[in-house]
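Only the shape, not the letters, is given here:
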C-alpha cells in the first residue's frame with residue numbers, strides 16, 4: 001500500500017514513518033508539510049492512503065480532504081489530530097479513520113486493518129477502468145492498464161495497447177480529463193500510460209525521449225511538457 005504523510009510537524013511525520021516501517025506492506029511515497037504541497041504530491045503519486053493532519057496553517061486537513069475527494073479515484077484518508085472532537089468532521093468527509101496524537105502503534109494497526117478492507121474496493125475500481133472502441137462494427141474494450149499510449153491522428157486518436165491498436169473518437173484532452181490518474185502528456189500529440197514509463201532518455205542534440213514497457217519505439221517529449229514529465233517520474 002502506497003502512503004503519503006501530511007503534517008506540518010516534522011517530528012510527528014518522523015514518528016509516524018517509524019511506526020509504519022513495522023509493516024512491510026506499507027511504502028511511504030513521500031511527505032508534505034502543508035495542504036498545497038499535499039495536493040501536488042497526491043495528484044503526482046496517486047497514493048492509496050494519506051495520513052492527513054487536521055490542524056495545519058493555511059489550508060487545513062479538512063479543506064485538503066475536500067479537494068482529494070473530488071479526484072476520479074480519491075485515496076483513502078486517515079485524519080491525524082490532537083483534538084478528538086474533529087472525529088465527527090472526519091466521518092462527514094468519508095474518512096477511513098482518524099488517529100489522535102500521540103499516535104500509538106496499537107491505534108495505528110487498528111486503523112490500517114480498517115483501511116485494508118476499504119482499499120480492496122479502491123484497488124478493484126482501478127483495475128476495472130476500461131476504454132471502449134469500435135472494431136469492424138463491434139464494440140470492444142481494453143483495460144486502461146494495458147494501454148501504452150495515445151497519439152493524435154488527424155480527426156481521430158490512435159490508441160496503442162498490448163496486442164493491438166484502435167482509433168478513438170475522443171480527443172487527447174477528453175482522455176486526460178477522463179483518466180487523470182492514469183495518463184501523462186508528453187507532447188501536444190501524445191499521452192502515455194504513467195504505469196508503463198520506464199525511463200526518460202536525454203539525447204546529444206538536447207531532445208528527450210520516453211521509453212515505455214512493452215513498446216519498441218521511443219516517444220519524443222516536447223520542451224513544453226519536459227518539466228511536467230520530469231516531475232512525474
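Received it, and whenever you're ready, just let me know what you need. All values derive from a computational prediction rather than experimental measurement. Residues are numbered from 1 along each chain as shown.

Which helix or strand lies directly C-terminal to the helix or strand bottoming out on mean pLDDT in the chain?
When the helices and strands of the chain are scored by mean pLDDT, DSSP states H and E, helix 87-92 comes last with a mean of 57. Moving toward the C-terminus from helix 87-92, the next helix or strand (DSSP states H and E) is strand 97-100.

Report whether residue 225 is found in a helix, as I expect.
Yes - the assignment for residue 225 by DSSP: H, G, I helix; E, B strand; the rest coil puts it in a helix.

Next up, the contacts around it.
185-188 (Cβ atoms under 8 Å, 6 or more residues apart in numbering). Heads up, the C-betas are built off the backbone N, CA and C, glycines and all.

Got a ChimeraX select line for the buried ones in those?
Of these, the buried ones can be selected in ChimeraX as follows, counting by 16 or more other Cβ atoms under 10 Å:
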select :185,186,187
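
Spatially nearest residue to the residue nearest the centre of the chain (excluding sequence neighbours)?
By Cα atoms, centre = their mean, the chain has its centre lying nearest to residue 46, at 1.6 Å. Take residue 46 and drop its neighbours on the chain: the residue closest to it by Cβ to Cβ, 6 or more residues apart in numbering is residue 181, 4.8 Å away.

Please apply the same query to residue 59.
residue 35 (2.8 Å).

The one you found: neighbour count?
23 (other Cβ atoms under 10 Å).

who's in contact with it?
Residues counted as contacts of residue 35 (Cβ under 8 Å, 6+ apart) are 6, 56, 58-61, 63-64.

Most neighbours among the residues you listed, please name it.
Greatest neighbour count in the contacts of residue 35, by other Cβ under 10 Å, goes to residue 61: 29 neighbours.

Now for it: which residues touch it?
6, 35, 52-55, 79-81.

phi, psi of it?
Torsion angles at residue 61 (phi, psi; degrees, to the nearest 10) stand at phi -60, psi -40.

Looks to me like residue 19 is in a helix.
Yes - counting by three-state DSSP, residue 19 is found in a helix.

roughly how far apart are it and residue 84?
According to Cβ to Cβ, to the nearest Å, residue 19 and residue 84 sit 19 Å apart.

And residue 51, by the same measure?
Residue 51 sits 17 Å away from residue 84, going by Cβ to Cβ.

likewise residue 215?
Counting by Cβ to Cβ, the gap from residue 215 to residue 84 is 51 Å.

Neighbour count: these two, which is higher?
Per other Cβ under 10 Å, whichever of residue 215 and residue 84 has more neighbours is residue 215, with 17 against 9.

hang on, the more buried one packs against residue 149?
Yes - contact criterion Cβ atoms under 8 Å: residue 215 and residue 149 qualify, at 7.1 Å.

and for these two, which residues touch both?
Both residue 215 and residue 149 are contacted by 160, 196, under the criterion Cβ under 8 Å, 6+ apart.

could you give me the average pLDDT of the helix or strand in which residue 113 is found?
Element membership for residue 113, per DSSP H and E: helix 105-127. Average pLDDT, helix 105-127: 71.

Partner strands of the following helix or strand past that helix, with direction?
As assigned by DSSP H and E, the chain's next helix or strand after helix 105-127 is strand 130-135. The strands beside strand 130-135 in its sheet (DSSP bridges) come out as strand 138-143 (antiparallel).

could you give the angle of the following helix or strand past the strand it pairs with to strand 130-135?
Next helix or strand after strand 138-143 toward the C-terminus (DSSP H and E): strand 147-153. Orientation check (axes from the mean of the first three to the mean of the last three Cα atoms, to 10 degrees): strand 147-153 against strand 130-135 gives 50 degrees.

and strand 147-153, how far from the chain's centre?
Centroid displacement of strand 147-153 relative to its chain, using Cα atoms, centre = their mean, to the nearest Å, is 20 Å.
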